Structures are given as C-alpha cells and as structure tokens.
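Asks: predicted structure and sequence below. I'll ask about it afterward.
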Amino acid sequence: MYLITAACALVILISSVLLIILHITRYRAPKEQRQIIRIAFAPFVFAIVSWAEILDYSIAAYIDPIGEVYESFCLCALFLLYIQFVAPNGTFGEEMFRAMEEAPETPNQKGGTWAKTSWISVFQFPLTELLAVVILEATEAAGTYCGTSMKPRTVIFG
C-alpha cells in the first residue's frame, strides 16, 4: 500500500507540476491562470496527505484536515475564476455585481443580492474551516475529541 500510494502521489506530482509549468510559461491571462494554478495544486496536496496518512496511521487524524483547509481555499479560487469570466475587464467590486444584476433573473433571485450573498458565503468558508480545524486539532490533542458523539458540549467542555 505504501508503494502504490507513493507511486500515485509521484504521478500526481508530475502531472500537477507539468500543468502548472505550462500555465506559467504561457502566462497571458494572469487573473485566470493564478486561480487555475491554485486549483491544479490541490490534487498534489491531497496525494501527499493521503500518503502521509498511510505511512503513519496515528497522525491521520491530525494531517487529514490539512486537505480540507486547502480545499476551502480552492473553492475560493474556483469562485474567483468564475467571477473573472463574468467580469473579465473589471475589478471584483461593483462592476462585477452590476454584471450579475444584468444576467437573466429567476424567480428566486432578486437583482444582485444573490451574488453578494454568494461572495460572502464563499469567502467565509476558509475562515470557518480553519477555525474548525484548529478546534478539532486542539481537542484531538487534548484527548477530548470524539468523532462519534453528537453532543459537542460534553465532548469539549467535559
């Protein structure tokens, strides 16, 4: 299992680095490519985390959340990439929200409020994920974390 995971991680490293190098050598759309590079690095992060978990199972509980935190940052990068496609010449300010307001509405969407709500929701996710990981790591290290308990109050505050 160690060798298979290491071989897969190596293949993922090579493919991710090749994709990133190809984007860097033809860096003609920096706003889009910056986000693509962040997203292209995600499989490598997950491969390294998986490989480290297989190497030493006792650190799996501590190392697994690293992938989840990077995943939340990749979600932001994907959102910024979508926004860049919506408003390619503008900033991520009012012009972007105006462009979204001009998009066809569905009955559930009221103007650009859904865009602003999405913006806030997406960018609060990495912060809350990081906070959750810090709490998880601290309670795991203290020996009070229980992944099967549905009562966090008794688990955390004992």
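Replies: It's in. Numbering: from 1, shown residues only.
Asks: contacts made by the helix or strand harbouring Ile12 with the rest, please.
Replies: Under the criterion DSSP states H and E, the helix or strand holding Ile12 is helix 2-25. By Cβ atoms under 8 Å, 6 or more residues apart in numbering, the surrounding residues in contact with helix 2-25 are 33, 36-37, 40-41, 43-44, 47-48, 50-51, 54-55. In this view, the C-beta of every residue, glycine as well, is placed from N, C-alpha and C.
Asks: from those, list just the buried residues.
Replies: The neighbour-count test (16 or more other Cβ atoms under 10 Å) marks 33, 36-37, 40-41, 43-44, 47-48, 50-51 as buried among those.
Asks: and the lengthiest helix in the chain, what's buried?
Replies: Of all the segments assigned as helix in the chain under DSSP state H, the longest by residue count is helix 113-142. By neighbour count with 16+ other Cβ under 10 Å, helix 113-142 contains the buried residues 114-115, 119, 122, 125-126, 129, 133, 136-137.
Asks: can you redo these as JSON lines with pLDDT?
Replies: Putting the buried residues of helix 113-142 into JSON lines (pLDDT from 0 to 100) gives the following:
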{"residue": "Trp114", "pLDDT": "66"}
{"residue": "Ala115", "pLDDT": "66"}
{"residue": "Trp119", "pLDDT": "79"}
{"residue": "Val122", "pLDDT": "88"}
{"residue": "Phe125", "pLDDT": "92"}
{"residue": "Pro126", "pLDDT": "92"}
{"residue": "Glu129", "pLDDT": "93"}
{"residue": "Val133", "pLDDT": "89"}
{"residue": "Leu136", "pLDDT": "83"}
{"residue": "Glu137", "pLDDT": "84"}
